[in-house]
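In: Kindly return the folded structure for what I paste below:
(chains A and B)
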Amino acid sequence: MSEHAEHAEHEVSYVKVWAILLCLLVVSILGPFVGIKLVTLITAFGIAIVKAYLVAKNFMHLNIEPRYAVYLLVTMLVFMLLLFAGSAPDIMKREGRNWVKPAVHAEAQAPAHH
Amino acid sequence: MRPIATTRIAAGIPTGRLAVWWVVASEIVIFGGLLVSYIMHRLARPEFAEQAAHTNVWLGGFNTFVLLTSSLSAVLAHKAAVGGDGPKAAKLLYATCGGAVTFLVVKAFEWTAEITHGYTITSSTFWSFYYTAAGLHALHVIAGAVIMLIVAETAKRNLELHRVELIGIYWHFVDIVWIFLFPLLYIAK
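Out: This next block holds a predicted model:
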């Protein structure tokens, strides 16, 4: 295959990935109209993960980059999970055996002031 | 004489690209921390859904389309740079900048409407997260657009073409951040 033909083929595959991303975007927008929470979760966040994967793999070329870059990025994602695991038990509870969060209760009862 | 730091490759990745990967890694921690905090509050507070119902999913969707398309032009610019066609790479980078400007203009209209309706950064925890996350992302869009203009200036003279790939990697990351912000702020209602 000539260099020019190979170049053109790459451009077509990039456009294909872009077209798939747009189709996924449409699905993620239409998902909530079904009215089922599980469907919304899958079409919103499941599709977001697929879209991010497609961009990282095909546009950022992580599939052909040395493993070093992938390990570096995955390490940072693990730090995110650590943050979640470390602080979720406190942040996600409104009250415990000997404590409450008055501000959270107040915000839940009062609508946002305009 | 070139400094050793730009010629020595220990990780098997050219120095400039390695630096961008580290930038992206640090950005993951910044945006990741913000998004994880948002998710924790969202899961713990059902009232977030009532507030999220006021964001405009169509404008958010349009901006997602704009960023995905700008990512396509950025990767095509990279392809042109690999082929040694600097002027074409520069044109595609300008197109990517056009996407950045479109995104910011839509965001400006959106924020104006929301603020006029009384939804400000102090209205509730949801709106604090909304303006902080979208605002921080918008700052990254502005930074990316400015750097892209500088890179395009040299690229059109067929100089420093490797920079086209470097700004591309950053731009795709900005796109990925929005890919996650969109469902969190506009769809999960």
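
In: SS state for the nearest residue to A:T40 once chain neighbours are set aside?
Out: Of all residues beyond its chain neighbours, the one nearest A:T40 is A:P32 (4.7 Å), with distances taken as C-beta to C-beta, 6 or more residues apart in numbering or on different chains. Heads up, the C-betas are built off the backbone N, CA and C, glycines and all. Going by DSSP: H, G, I helix; E, B strand; the rest coil, the secondary structure assigned to A:P32 is helix.

In: And for B:R157?
Out: Quick answer, by three-state DSSP: B:R157 is coil.

In: State the number of residues packed around the nearest residue to it once chain neighbours are set aside.
Out: Sequence neighbours aside, B:G86 is the residue nearest to B:R157 in space, at 6.5 Å (criterion: C-beta to C-beta, 6+ apart). Neighbour count for B:G86, taken as other C-beta atoms under 10 Å in any protein chain shown: 21.

In: which residues does B:G86 contact?
Out: Residues near B:G86 by C-beta atoms under 8 Å, 6 or more residues apart in numbering or on different chains: B:A80, B:A155, B:K156, B:R157, B:N158, B:L159, B:L161.

In: May I see the PyMOL selection of the buried members of these?
Out: A single PyMOL command suffices to select whichever of those are buried according to 16 or more other C-beta atoms under 10 Å in any protein chain shown:
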select buried, chain B and resi 80+155+156+161
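
In: picking that back up, from A:I42, how far off is the residue nearest to A:T40?
Out: A:P32 sits 11 Å away from A:I42 when distances are taken as C-beta to C-beta, to the nearest Å.

In: Over to A:I49?
Out: Distance from A:I49 to A:I42, counting by C-beta to C-beta: 10 Å.

In: same deal with B:T96?
Out: In terms of C-beta to C-beta, B:T96 sits 31 Å off from A:I42.

In: ok, residues contacting stretch A:76-94?
Out: The contact list for stretch A:76-94 (C-beta under 8 Å, 6+ apart) reads A:100-101, A:104-105, A:108, B:25-26, B:28-29, B:32-33, B:35-37, B:39-41, B:43-44.

In: Buried residues, the lowest-mean-pLDDT helix or strand in chain B. List them.
Out: When the helices and strands of chain B are scored by mean pLDDT, DSSP states H and E, helix B:47-52 comes last with a mean of 80. Within helix B:47-52, the residues scored as buried using 16+ other C-beta under 10 Å are B:E47, B:F48, B:Q51, B:A52.

In: name the helices or strands packed onto that helix?
Out: Applying 3 or more C-beta pairs under 8 Å, 6 or more residues apart in numbering or on different chains; DSSP states H and E, one finds that helix B:47-52 contacts helix B:125-155.

In: Go through the helix it packs on and flag the buried ones.
Out: For helix B:125-155, by 16+ other C-beta under 10 Å, it's B:125-127, B:129-131, B:133-134, B:137-138, B:140-141, B:144-145, B:147-149, B:151-152, B:155.

In: filter these by proximity to chain A?
Out: Restricting these to those near chain A by C-beta under 8 Å from any C-beta of the partner chain leaves B:T125, B:F126, B:W127.

In: Residue of chain B closest to chain A, please.
Out: Chain A sits closest to B:G118 of chain B, with a gap of 2.6 Å, by C-beta to the nearest C-beta.

In: where does that residue land on pLDDT?
Out: In this model, B:G118 is scored at 92, pLDDT.

In: same thing with A:M1?
Out: For A:M1, pLDDT reads 47.

In: Domains in chain A, by residue range?
Out: A:1-65, A:66-114 (automatic domain parsing).

In: so which of those domains is the most packed in?
Out: Burial of the domains of chain A is given as mean neighbour count (mean count of other C-beta atoms under 10 Å in any protein chain shown); domain A:1-65 ranks first at a mean of 16.

In: Give me the distance from stretch B:102-120 to the chain's centre.
Out: Here the centre of stretch B:102-120 is set off from its chain's centre by 18 Å, with C-alpha atoms, centre = their mean, to the nearest Å.

In: Test my guess that B:G16 contacts B:E160.
Out: No. Counting by C-beta atoms under 8 Å, B:G16 stays clear of B:E160, with 9.5 Å between them.

In: and the helix or strand bottoming out on mean pLDDT in chain A, C-alpha only, in PDB?
Out: Sorting the helices and strands of chain A by mean pLDDT, DSSP H and E puts helix A:102-109 at the bottom, at a mean of 72. Extracted in PDB, the C-alpha atoms of helix A:102-109 (Å, rounded to 0.1, in the frame of the first residue of the first chain):
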ATOM      1  CA  PRO A 102     -27.400  19.900  60.300                       C
ATOM      2  CA  ALA A 103     -26.400  21.800  57.100                       C
ATOM      3  CA  VAL A 104     -27.200  18.900  54.900                       C
ATOM      4  CA  HIS A 105     -30.600  18.400  56.500                       C
ATOM      5  CA  ALA A 106     -31.400  22.100  56.100                       C
ATOM      6  CA  GLU A 107     -30.400  22.100  52.400                       C
ATOM      7  CA  ALA A 108     -32.500  19.000  51.700                       C
ATOM      8  CA  GLN A 109     -35.600  20.700  53.200                       C
END
